[in-house]
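Colleague: Build the 3D model from these lines:
(one chain, ligands or ions: 2)
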Amino acid sequence: MQERGLLIVFSGPSGVGKGTVRKEIFEGHGHDFDYSVSMTTRPQRPGEVDGVDYFFRTREEFEEMIKNGQMLEYAEYVGNYYGTPLTYVNETLDSGKDVFLEIEVQGALQVKEKVPDGVFIFLTPPDLDELRDRIVGRGTDSIDVIDQRMEKAREEIKLMSEYDYAVVNDEVSKAAERVKKIVEAEHFRVDRVIGKYRAMID
Ligand SMILES: Nc1nc2c(ncn2[C@@H]2O[C@H](COP(=O)(O)OP(=O)(O)O)[C@@H](O)[C@H]2O)c(=O)[nH]1
Ligand SMILES: Nc1ncnc2c1ncn2[C@@H]1O[C@H](COP(=O)(O)OP(=O)(O)O)[C@@H](O)[C@H]1O
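Modeller: Ligands and ions are numbered 1, 2, ... in the order given. Sure thing, here's the model as predicted:
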């Protein structure tokens, strides 16, 4: 029987660099997992491609997916829905490939309930001043929104205890390497591989 792939859940506070580190992982070599494209109701930004960056959908369409049980998880974030379509994740895992989700913490906690043997990785800033500098540097938010994001970030960092690994994003390339190494090591955990040896030892 085909061994199921690992579900990798990557999250962390807004502005810490999740998107940047995820792109570094996927643009480079040395990984063998698929990215699950999320669905959202937020407006498409210039340069974003439907089906690549997100599946852009209306609230009605999104709510229909929720009602039909077609989302692995979803959360409302700053007035919009974000979520992970279930079918792609299941089919990819069944085919033996690992799946990588980049999602915020509320969604990650839902995944943990449903898929407790997932690999939960939390990306942390070196410190809160650096986090603020990154959010300011990105230039997408007003001062008020930055303060809100920082408040939310403190709440989110408290939830780090729910994760298996904390990876500090000091340098993008180092953070990306750490994530790849964690996933590689997870494949060798005894509780994951013991099944293959049952016939020999029982
Ligand atoms: N729960 C959940 N969160 C998601 C999903 N996709 C993206 N997010 C998170 O939603 C938040 C907002 O994403 P986005 O609007 O792209 O803004 P940005 O990442 O702050 O530029 C980020 O923290 C994303 O990681 C998803 O499928 N589920
Ligand atoms: N290791 C890093 N050092 C310095 N700046 C970074 C680092 N990682 C990300 N950034 C910058 O921080 C900002 C937020 O990153 P982004 O990937 O959008 O965060 P998130 O997806 O977590 O909201 C971006 O301007 C990005 O270029």
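
Colleague: what about the residue in the chain that ligand 2 sits nearest to, how many neighbours?
Modeller: With CB to the nearest ligand atom, the shortest gap between the chain and ligand 2 falls at Gly17, namely 2.8 Å. To be clear about C-beta, it is placed using only N, CA and C from the backbone, and glycine gets the same treatment. Neighbourhood size, Gly17 [other CB atoms under 10 Å]: 24.

Colleague: Setting aside sequence neighbours, what's the nearest residue to it?
Modeller: Leaving aside its chain neighbours, Gly17 sits nearest to Asn169 (4.5 Å; criterion: CB to CB, 6 or more residues apart in numbering).

Colleague: show me what contacts that neighbour?
Modeller: The contact partners of Asn169, by CB atoms under 8 Å, 6 or more residues apart in numbering, come to 12, 16-17, 21, 123-126, 175.

Colleague: and if you look at Val105?
Modeller: Residues near Val105 by CB under 8 Å, 6+ apart: 11-12, 156, 159, 162.

Colleague: what does Met65 give?
Modeller: By CB under 8 Å, 6+ apart, the contact list for Met65 reads 39, 57, 71, 83, 85.

Colleague: Taking those, tell me the two that lie furthest apart.
Modeller: Spanning the widest gap among these are Arg57 and Met71, at 11.2 Å by CB to CB.

Colleague: Give me the more crowded residue out of the two.
Modeller: More neighbours surround Met71 than the other of Arg57 and Met71, with 22 against 18 (other CB under 10 Å).

Colleague: My guess is the more buried one contacts Thr87. True?
Modeller: No. With contact defined as CB atoms under 8 Å, Met71 does not count as touching Thr87 (10.0 Å).

Colleague: how about the residues of this structure near ligand 1?
Modeller: Proximity of the chain to ligand 1 (CB under 6 Å from any ligand atom) is limited to residues 14, 18-19, 38, 42, 73, 75, 77, 82-84, 102-104, 106-107.

Colleague: Could you rerun that using 5 Å?
Modeller: Residues of the chain lying close to ligand 1 by CB under 5 Å from any ligand atom are 14, 38, 75, 77, 82-84, 103-104, 107.

Colleague: Show me the residue of the protein that gets nearest to ligand 1, please.
Modeller: In the chain, the residue that lies nearest ligand 1 is Gly107 (2.3 Å; CB to the nearest ligand atom).
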